[in-house]
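In: Attaching a predicted model along with its sequence, questions to come.
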Amino acid sequence: MSGIDIHGLEFEYGGQSTFRLQIRELRLEPGECVAIVGPSGSGKSTLLNLVAGTLLPAVGDIRVGDIRVNALGETERRRYRVGQVGQVFQAFELLEYLTVKENVLLPRYIDPSTPLDADARQRASELLASVGLAGKESRRPSRLSHGERQRVAVCRALLNRPSLLLADEPTGNLDQDNKQNVVKLLIEQARAHASTLLMVTHDRSLLDSFERIVDFNDLAWDKA
Amino acid sequence: MNGALQLGWRYLAYHRFKTAVLLASVTLMMFLPAATRLLVEDSAQALNARAALTPLLVGAKGSQLELVLSSLYFHAESPPEISYQVFKDVRDTELVIAIPLHARFRARDFPVVGTSLDYFEFRNLELAEGRLLGLLGECVIGAGVARKLGIGAGDSLVTSPETVFDLAGVYPLKMKVAGVFAPSGTPDDEAVFVDVRTSWVIQGMGHGHQDLAEASAGNAVLSRGEGAITANASLVQYNEITPQNVREFHFHGDTGGFPLTAVIAVPPDEKNGTLLRGRYLDNKESSEQLAVPGAVLDDLLETVFTVQNYVVLGLLILSLATVAVIVLVFLLSQQLRRGEFFTLRRMGASRAFIALLVASEIVFVFAASLVLAALMTWTVRAWATKLLLSLMTF
């Protein structure tokens, strides 16, 4: 299990954009399930990308467990993403040319250091079965409902037993019932796999299930 | 690396139609120029091989190419004729071995070639079954004829009438198959060989009928004069030559005036060949000409190769346009897949992985196209000679 420790973080998009993200401090205990709420465009997704190592901060530290993410080189960050982080994206981002099971196995296709072996296939099947998708392994994502696709995306994020699960508005396109189901699923799966869960959302109706809720506005750190 | 290849394969397999169109385009782009060149080269080789083995041809004045093609491939329906006297004249020069050719008729769509036994020796044709021509009315057939018609030595074969509406024309002659030649891979496989006199019988220049001197022919006799008997229409004419009636077959007139389509002249050495050529070159009044098949076909092939070069150039330009379209398709495809690649990157895929994924798709398409194009070229090449022979023979 890995906690998250963010300290004195500053990030700014280059070019003509004036977007600037500043976070004084954010700390998640290992295995904690935390929701970050805030208005759209406030930088919640950017924060997840920084924690995932997809973006690098200009100033500050991001530590996940023993790993200082912002100090890693590109290859190490890539390995960290594949090995330590499971991500659930807002628009599912499933590949239509792969079956449901192959989509779950996608992290193994990507990472040459983790074999795409019988164990991995077995785990993919078990994950799908655990979210009620047994028997739909050979279907294409377009043949599934929104809720089912989201569950596939969660299974994909969990395949490599990540210590950190990042979910970026995973309920954005769902109705209220499915929103609650997805949140429940994420928390259940995070707990079942002993992962730390960080989910960002602007939907305050989903927050009851989380152990802690962080208002993004409270993280802002105006140095001036 | 393995993962990128697998994803590339999955992508192509899922987009079957797009992949099939790309495969077809790239395959044709590779196949057409290569096949054109190989087909022409193989055809030229096959044409030249037979032409090179036929030193000189004497035939009616006119197109040398027509003379060569009709004599080597028996393809012409009604080639211009020369008289048998020309054969005698060539033979009597004693400069060459003269072989008569009379290739005007057909038997069930196969050319009937009237010739002499020298032809078989000259072409190195070996019997697979039966024997060579012995009697008037017999034929020896090529291996292709035997295979396609399902006949062999001892069977019979009927010549085709020139036209069903021409009642005064050539009547069918039932011929006995004396033998079958072994396959030679030449137009001789697709020909029916008869003695030149049999071909004259087919043409109606020789015929067989009841002996009018016999009493049994009484009803057929219209009048009996001094040294001449006139028969009426009831006279029985034979349409098959058998050992029983072969003696009734005869020719009217001087055989020197009977038709041939060509004479093959085989000089024992270059000097004799040159001397014979000189005689025809010097004789401007002659109604015959002497052709050197190798030279005639070289002229033809020179034209063919020039045309081929233009065709291949055109195909190469077309290929460049195809490549440009394919590159465009791939680039547009990459644009459409930016989201997919971004997701892969966010999940931890390296730039090299994405590049390998795209490259693997391109390599799969080109490799499969290469294999397909090679197979198609091999198939066309395997059939090229047969195709050429069938085109030349019919």
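Out: Received the coordinates, thanks.

In: what does chain B have sitting close to chain A?
Out: B:1-4, B:6-7, B:10-11, B:13-15, B:339-340, B:343-350, B:353 (CB under 8 Å from any CB of the partner chain). In this view, the C-beta of every residue, glycine as well, is placed from N, C-alpha and C.

In: Now that we have those, which of them are buried?
Out: Among those, those scoring as buried are B:3-4, B:6-7, B:10-11, B:15, B:340, B:343-350, B:353 (criterion: 16 or more other CB atoms under 10 Å in any protein chain shown).

In: I'd like the distance between residue A:49 and chain B.
Out: According to CB to the nearest CB, to the nearest Å, residue A:49 and chain B sit 8 Å apart.

In: Make sure that residue is actually in contact with residue A:55.
Out: Yes. At 4.4 Å, residue A:49 and residue A:55 qualify as touching, with contact defined as CB atoms under 8 Å.

In: report the longest strand in chain B, please.
Out: In terms of residue count, the longest strand belonging to chain B (DSSP state E) is strand B:97-107.

In: Packing partners of the following helix or strand past that one?
Out: Elements were assigned by DSSP states H and E; along the chain past strand B:97-107, the next helix or strand is strand B:110-115. Under the contact definition 3 or more CB pairs under 8 Å, 6 or more residues apart in numbering or on different chains; DSSP states H and E, strand B:110-115 sits against strand B:97-107, strand B:192-195, helix B:196-203.

In: Run through chain B and note the low-pLDDT ranges.
Out: Counting by pLDDT under 70, chain B has low-confidence residues at B:1, B:76-77, B:162-170, B:210, B:212-218, B:220, B:227, B:233, B:235-236, B:385-394.

In: tell me the contacts of whichever residue of the stretch 201-350 of chain B sits closest to chain A?
Out: Using CB to the nearest CB, residue B:348 is the residue of the stretch 201-350 of chain B that sits closest to chain A, at 3.4 Å. Counting by CB atoms under 8 Å, 6 or more residues apart in numbering or on different chains, residue B:348 touches A:78, A:79, A:80, A:81, A:82, A:83, A:85, A:107, A:110, A:111.

In: Now do the helix or strand that contains the first one: distance to the chain's middle.
Out: It stands for residue A:78. Of the helices and strands defined by DSSP H and E, residue A:78 is found in helix A:74-84. The chain centre lies 14 Å from the centre of helix A:74-84; the measure is CA atoms, centre = their mean, to the nearest Å.

In: The next helix or strand after it near chain B anywhere?
Out: With elements assigned by DSSP H and E, the helix or strand that comes after helix A:74-84 is strand A:85-88. Yes. Contact between strand A:85-88 and chain B, assessed by CB under 8 Å from any CB, occurs at A:85, A:87.

In: Flag the helix or strand of chain A with the lowest per-element mean pLDDT.
Out: In chain A, the helix or strand scored least confidently by mean pLDDT, DSSP states H and E is helix A:216-219, which has a mean of 77.

In: Please list the residues outside that helix that contact it.
Out: For helix A:216-219, the external contacting residues (CB under 8 Å, 6+ apart) are A:23-26, A:36-39, A:42-44, A:47, A:200.

In: By neighbours, which of those wins?
Out: Within the contacts of helix A:216-219, neighbour counts (other CB atoms under 10 Å in any protein chain shown) peak at residue A:47, which reaches 26 neighbours.

In: how many other residues sit next to residue B:128?
Out: Neighbours of residue B:128 (other CB under 10 Å): 15.

In: Identify the residues contacting the residue nearest to it when sequence neighbours are not counted.
Out: Spatial nearest neighbour of residue B:128, chain neighbours left out: residue B:182 (4.1 Å); criterion: CB to CB, 6 or more residues apart in numbering or on different chains. Residues near residue B:182 by CB under 8 Å, 6+ apart: B:125, B:126, B:127, B:128, B:143.

In: Thanks a lot, catch you later.
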